[in-house]
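Student: no sequence on this one, just coordinates:
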């Protein structure tokens with residue numbers, strides 16, 4: 001198998017590169033390094049089955065030779081990133097999706113879109129099932145990411161219907177683990193860095209807003225099962241890939257204090273500009289993943305936090 005993966009130097013997709021290579025795939029990793037980091041794939045240098053191309057996938061994509069799978073994971077993914085790069089976020093969700101779909105169609109390859117739980121916005125239905133259409137503010141600051149992913153889903157579905165290309169859509173909920181950036185801006189990286197430095201852990205807003213965190217190994221396994229499942233079993237509906245164990249942000253902050261052995265205290269601050277549409281709740285209904293993919297998360301959150309803390313401790317020591 002030969003697989004093209006965009007955004008492959010990013011946190012999540014770099015782990016996919018590893019796992020695909022372990023399974024015997026040749027991997028072509030494409031990333032413009034806007035938010036990706038070559039350190040995530042440095043250990044793959046010299047691997048004969050791996051090739052890295054620095055390229056912007058919003059332009060025409062040419063890949064020589066056969067391709068069996070195209071995985072579109074390129075996009076800024078944290079609020080800090082897509083508030084910093086709003087136009088790039090919209091372009092990679094629209095033009096990048098169109099170009100990668102064209103590559104998959106030309107190569108007669110299977111296509112997997114990395115969508116997001118953010119398509120549900122600040123949900124009015126809880127937990128979120130795949131047949132819920134969401135509650136999104138298209139002109140809010142977060143709309144650049146939410147609507148980019150919603151458009152990408154619409155384009156992917158339409159392309160599959162019109163061209164017959166085998167397409168699949170994963171709605172990925174909050175994932176954490178080693179290789180997240182220190183300055184990622186999301187809750188777990190922020191809390192980890194603050195706890196390991198002994199600073200106050202700053203929770204924006206009331207702290208009662210909930211999230212559902214999935215360890216990277218579980219997310220990768222779910223994505224690979226979605227890639228490999230028979231088309232007939234899947235249908236057109238996206239699949240939630242996430243952990244239904246929902247917790248408030250204040251609790252995840254307390255757990256990080258515990259696993260790091262920190263003396264940090266949790267402090268609540270007002271939302272910064274751009275966070276007005278921050279979701280109050282987030283919990284996936286994974287009935288479809290359990291039924292169609294035979295998948296559900298296995299790694300206990302506290303174990304994942306311990307592994308993540310060790311990674312962040314090393315990275316902070318390297319930087320300091």
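Tutor: Perfect, thanks for sending it. The structure displayed is predicted, hence computed values, not measured ones.

Student: What confidence value was assigned to residue 308?
Tutor: The model reports residue 308 with a pLDDT of 98.

Student: from memory it sits against residue 180, does it?
Tutor: Yes. Using Cβ atoms under 8 Å, residue 308 is in contact with residue 180, at 7.3 Å. Quick note: C-beta positions are derived from backbone N, CA and C, even for glycine.

Student: Contact partners for residue 194?
Tutor: 200-202, 264 (Cβ atoms under 8 Å, 6 or more residues apart in numbering).

Student: Considering these, which possesses the most neighbours?
Tutor: Most neighbours among the contacts of residue 194, by other Cβ atoms under 10 Å: residue 201, with 24 neighbours.

Student: And the strands in the protein?
Tutor: 2-6, 26-31, 50-54, 69-72, 110-116, 167-172, 175-176, 201-204, 210-212, 214-215, 239-241, 246-248, 266-269 (DSSP state E).

Student: mind giving me CSV with the ones you listed and columns for mean pLDDT?
Tutor: Formatted as CSV, those follow (pLDDT from 0 to 100):
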stretch, mean pLDDT
strand 2-6, 98
strand 26-31, 98
strand 50-54, 98
strand 69-72, 98
strand 110-116, 98
strand 167-172, 98
strand 175-176, 98
strand 201-204, 93
strand 210-212, 95
strand 214-215, 98
strand 239-241, 98
strand 246-248, 96
strand 266-269, 90
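
Student: Could I get those in JSON lines, plus columns for distance to residue 155?
Tutor: Shown next, in JSON lines, are the strands of the chain (distance: least, Cβ to Cβ, whole Å):
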{"stretch": "strand 2-6", "distance to residue 155": "15"}
{"stretch": "strand 26-31", "distance to residue 155": "19"}
{"stretch": "strand 50-54", "distance to residue 155": "23"}
{"stretch": "strand 69-72", "distance to residue 155": "11"}
{"stretch": "strand 110-116", "distance to residue 155": "9"}
{"stretch": "strand 167-172", "distance to residue 155": "10"}
{"stretch": "strand 175-176", "distance to residue 155": "23"}
{"stretch": "strand 201-204", "distance to residue 155": "32"}
{"stretch": "strand 210-212", "distance to residue 155": "27"}
{"stretch": "strand 214-215", "distance to residue 155": "26"}
{"stretch": "strand 239-241", "distance to residue 155": "18"}
{"stretch": "strand 246-248", "distance to residue 155": "30"}
{"stretch": "strand 266-269", "distance to residue 155": "38"}
